[in-house]
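J.: Turn this into a structure:
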Amino acid sequence: MYRSITQSSGQPHLTLRELLGLTRAAPQQAWLAVRGDPHVRGSRIGLTSVRQFMPKLAVATWLGQTPLPRRAVIVNLYNHTPTPIEAGWSVEVTQVRDFRGRGLTYDSHNGTDFVVPPGSAVVAAAEGVVVALRSEYNRGGLKLCIDHGGGLLTSSNHLARALVQVGDVVRRGQIVALSGYSGLDALVSFPWVAPHVHYNVSLGGVLVDPFAALPHESGDASLWRAPMPTPWRDEAPVADAAAFSPTVFDPARVAALLGDLKHPQRRAHIAAIADPHQRAWELVIETFTYPARFSSPAAGAALFVDVTRRSALDLPFSAEHFDDAVFADDVALRHAPHRAR
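T.: Just a heads-up that it's a prediction; the model follows:
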């Protein structure tokens, strides 16, 4: 069912169409973001949305430069006080709190945004198997999802090009994609919002913050292997990908969740996926991409009986170009930009 692949090098030049994710389905998917459908409300944008604008950082990054050498700038974190899903996807800043108790996020943000120049190598944060490639102009553009076992899934969004296929077993630190800024976000914000990889982490069928929670709240451990995510390096010990064990699903639970999907076309599409492991993950991904299409906002959790939060992930970028990450509100982004190498 799975096949191992060899990391490739010397990738071809990316086209503008790839960088922005301009597929044939893009206009229809963009319209869905605006008007919604019977199960999905339209997106919410307001004056507070301009807080996402960082012109100096954005223009420099589009030009292939970085404000801080060898550091991926985090411009948005997971919001711990999101607006209700019934209200629609909101890029407003009306009720926000990141894991530090600050506001480096926006209303509906459910991941971590790493600013990197277009064409940057995106790597597997841990060994795993590729379970989905989805291109949704209204929801993060081109996305690549990896099952790391034990109910842990990561998704790299806004990609320009995937370099692996569904079913590929990947090693920790292996290049799996090239970054871009695919999706509607880039169209409506160019050039004032920096190109970035929106990185989602799902544990037990629910999107979670990979950073450690504040001690006085829940004591959740960090999913990163270091306090701040750092890339895997060859000299570091790493588990053999050949020993990787994919997440196991109960077929009866999968069937029940599939029946709970209200959208008939999507239900038929997912039901037609031949591989049961990939079918289960596509269903889970659907629950956090379009949660209103299910009766429960955390419907994906129904597929998991018990999961353990463990430190497993490295920075999803190559050690050849990055040493670590930094929060945008912790640094003064006034340094002279550096040309990305």
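
J.: in stretch 46-64, what counts as buried?
T.: Buried residues in stretch 46-64, counting neighbours by 16 or more other C-beta atoms under 10 Å, are found at Ser49, Gln52, Met54, Leu57, Ala58, Ala60, Thr61, Trp62. From N, CA and C alone the C-beta is placed, and that goes for glycine too.

J.: Could you give the number of residues near the nearest residue to the third one once chain neighbours are set aside?
T.: It refers to Met54. With C-beta to C-beta, 6 or more residues apart in numbering as the criterion, Met54 has its nearest non-adjacent residue at 6.1 Å, and that residue is Ala194. If you count neighbours by other C-beta atoms under 10 Å, Ala194 ends up with 28.

J.: and the gap between Ala194 and Ala162?
T.: 22 Å (C-beta to C-beta, to the nearest Å).

J.: now Ile273, nearest residue through space, not along the chain?
T.: Arg279 is the one closest to Ile273 (C-beta to C-beta, 6+ apart), at 4.0 Å.

J.: And the contacts of the helix or strand harbouring the one you found?
T.: For Arg279, the element it lies in under DSSP states H and E is helix 276-289. With contacts defined as C-beta atoms under 8 Å, 6 or more residues apart in numbering, helix 276-289 is touched by 1, 110, 131-132, 134, 136, 139, 145, 147, 153, 155, 166-167, 200, 202, 205-207, 246-247, 249, 251, 254, 257-258, 261, 266, 270-271, 273, 293-294, 298-300, 303.

J.: Same question for it: list its buried residues.
T.: So, applying 16+ other C-beta under 10 Å, buried residues of helix 276-289: 277-289.

J.: what about that helix, average pLDDT?
T.: Per-residue pLDDT values over helix 276-289 give a mean of 96.

J.: So which residues make contact with stretch 221-239?
T.: In contact with stretch 221-239 (C-beta under 8 Å, 6+ apart) are residues 123, 125, 127, 152, 171-173, 201, 203, 208, 210-212, 309-319, 322-326.

J.: Can you list the buried residues in stretch 300-317?
T.: In stretch 300-317, counting by 16+ other C-beta under 10 Å, buried: 300-304, 307, 309, 312-317.

J.: ok, Ser85 to Asp209 distance?
T.: Heads up, residue 85 is Ile, not Ser. Distance from Ile85 to Asp209, by C-beta to C-beta: 17 Å.

J.: what about the helices in the stretch 1-150 of the chain?
T.: In the stretch 1-150 of the chain, the helices defined using DSSP state H, counting those that start in this stretch lie at 16-20, 26-35, 55-62.

J.: Show me which pair in the buried residues of stretch 300-317 is furthest apart.
T.: Ala302 and Phe317 (33.3 Å; C-beta to C-beta).

J.: hang on, the earlier thing: lowest average pLDDT across the helices of the stretch 1-150 of the chain?
T.: Of all the helices of the stretch 1-150 of the chain, helix 26-35 has the smallest average pLDDT, which comes to a mean of 65.

J.: How about the secondary structure of the residue nearest to Met54?
T.: Following DSSP: H, G, I helix; E, B strand; the rest coil, Ala194 is assigned to coil.

J.: wait, doesn't it sit right on Thr61?
T.: Yes: between Ala194 and Thr61 there is a contact under C-beta atoms under 8 Å: 4.4 Å.

J.: any common contacting residues for these two?
T.: Val115.

J.: Spatially, and excluding backbone neighbours, which residue is closest to Ala271.
T.: Leu258 (6.1 Å).

J.: and Asp260, what does it touch?
T.: Taking C-beta under 8 Å, 6+ apart, one finds Phe294, Ser295, Ser296, Ala299 in contact with Asp260.

J.: burial count for the third one?
T.: Right, the one you point to is Ser296. The burial count for Ser296: 12, using other C-beta under 10 Å.

J.: Check which helix or strand Ser156 maps to.
T.: strand 152-162.

J.: since we're on Asp234, how many residues are nearby?
T.: 7.

J.: Then Ala299?
T.: 22.

J.: do Gln165 as well
T.: Count around Gln165 with other C-beta under 10 Å applied: 11.

J.: repeat for the one 3 residues further on
T.: Burial of Asp168, expressed as a neighbour count using other C-beta under 10 Å, amounts to 20.

J.: go on, the one 4 residues further on?
T.: Taking other C-beta under 10 Å as the neighbour definition, Arg172 ends up with a count of 23.

J.: wait, doesn't it sit right on Thr154?
T.: No: contact between Arg172 and Thr154 fails when scored by C-beta under 8 Å: they sit 11.7 Å apart.

J.: residues shared between the contacts of the two?
T.: Common neighbours of Arg172 and Thr154 (C-beta under 8 Å, 6+ apart) are Ala125, Ala126.

J.: Isn't Tyr181 up against Gly119?
T.: No: judged on C-beta under 8 Å, Tyr181 makes no contact with Gly119 at a distance of 10.8 Å.

J.: So which of the two has more stuff around it?
T.: Comparing Tyr181 with Gly119 by neighbour count (other C-beta under 10 Å), the higher total belongs to Tyr181, at 27 against 18.
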